[in-house]
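Undergrad: After the sequence you'll find the predicted model.
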Amino acid sequence: MRIALLGISGNVGSSFAIQALENGHVIVGLSRNPDAVKVTHHNLLIHRGEVKDYQAILSTVQGCDVVVSAVGSGSFKQARKPTTVYSDTAKVLVRAMKEAGVIRLVAISAGGINPSKDWPLVYKLIIHRMLKEMYIDMQRMEDIVKASSLKYLFIRPVRLVEGPVTGKYRTTNEVAPAKGMNINYGDVAHYMLSRIEADDLQSGGVGIGY
């Protein structure tokens, strides 16, 4: 399978690339700084460009079977600031995918968009409010994709942490898993790849956590 990957330099994106390449897929990544991509493989192609650059996106997705967007806002400090990176990327991506005839999209969103009711008060009253700007733009991103004709799957992880791939996690439709407060980058990537390989992109959102 030929998979276009936005955000290949990030933690989830790089882990997804490694696992997909190990499974025999071809990855076409987009990075504004290809030198920052730590993954190397003979089936890895890197295009230079910004995620808001239409031509860069179009050249990346053309000829691919599915697109994965692991675009992130950067550090926790950056995530607290008003942003349009998710929604701006979505606008360009939807247009480029339609022109290229690629209809399947898996995109990283956030569990905070639809949190579990049993999450601790410290999260609801402090963390969630601190990251509200990021969640607002992620919701805009989801709305843009939902309004398109694409076949999509939003992955909504809870707090992302370091750790080895375990393949053991919980998923729930739309909302974040009850009491699921952490998930590592590798397991998020593992789940994304499993859904792609199963050709199971029933449009909707999935919460994921331990």
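TA: Sure, I can see it.

Undergrad: hey, let's count contacts and neighbours off CA atoms from now on
TA: Fine.

Undergrad: mind listing the helices in the chain by residue range?
TA: Using DSSP state H, the helices assigned to the chain run over residues 11-22, 54-61, 76-79, 85-100, 121-122, 128-130, 132-146, 185-197.

Undergrad: dump the residue contacts of residue 101.
TA: Going by CA atoms under 8 Å, 6 or more residues apart in numbering, residue 101 touches residue 62.

Undergrad: again, 10 Å this time
TA: Residues in contact with residue 101 (CA atoms under 10 Å, 6 or more residues apart in numbering) are 61-65, 95, 150.

Undergrad: Select from these the one having the most neighbours.
TA: residue 61 (27 neighbours; other CA atoms under 10 Å).

Undergrad: returning to what we had before: rank the helices of the chain by mean pLDDT and give me the bottom one.
TA: Among the helices of the chain, helix 76-79 carries the lowest mean pLDDT, at a mean of 59.

Undergrad: Buried residues in stretch 98-115, which are they?
TA: Across stretch 98-115, burial judged by 16 or more other CA atoms under 10 Å covers 100, 102-115.

Undergrad: out of those residues, which are inside strands?
TA: Counting by DSSP state E, those place 104-108 in strands.

Undergrad: hang on, the earlier thing: return the member of the contacts of residue 101 nearest to residue 27.
TA: Nearest to residue 27 out of the contacts of residue 101 is residue 64 (CA to CA; 9.0 Å).

Undergrad: Now do that closest one against residue 26, distance only.
TA: From residue 64 across to residue 26, the span is 9 Å (CA to CA, to the nearest Å).

Undergrad: could you give the mean pLDDT of stretch 110-118?
TA: When pLDDT is averaged over stretch 110-118, the result is 77.

Undergrad: May I have that stretch exported as CSV, CA atoms only?
TA: Output of stretch 110-118 as CSV, limited to C-alpha atoms (Å, rounded to 0.1, in the frame of the first residue of the first chain):
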residue,chain,number,x,y,z
ALA,A,110,-7.7,14.7,20.5
GLY,A,111,-9.6,12.9,23.2
GLY,A,112,-10.3,16.4,24.7
ILE,A,113,-12.8,17.1,21.9
ASN,A,114,-15.2,14.6,23.4
PRO,A,115,-13.8,13.6,26.8
SER,A,116,-15.1,10.8,29.1
LYS,A,117,-17.4,12.1,31.8
ASP,A,118,-15.3,10.3,34.5
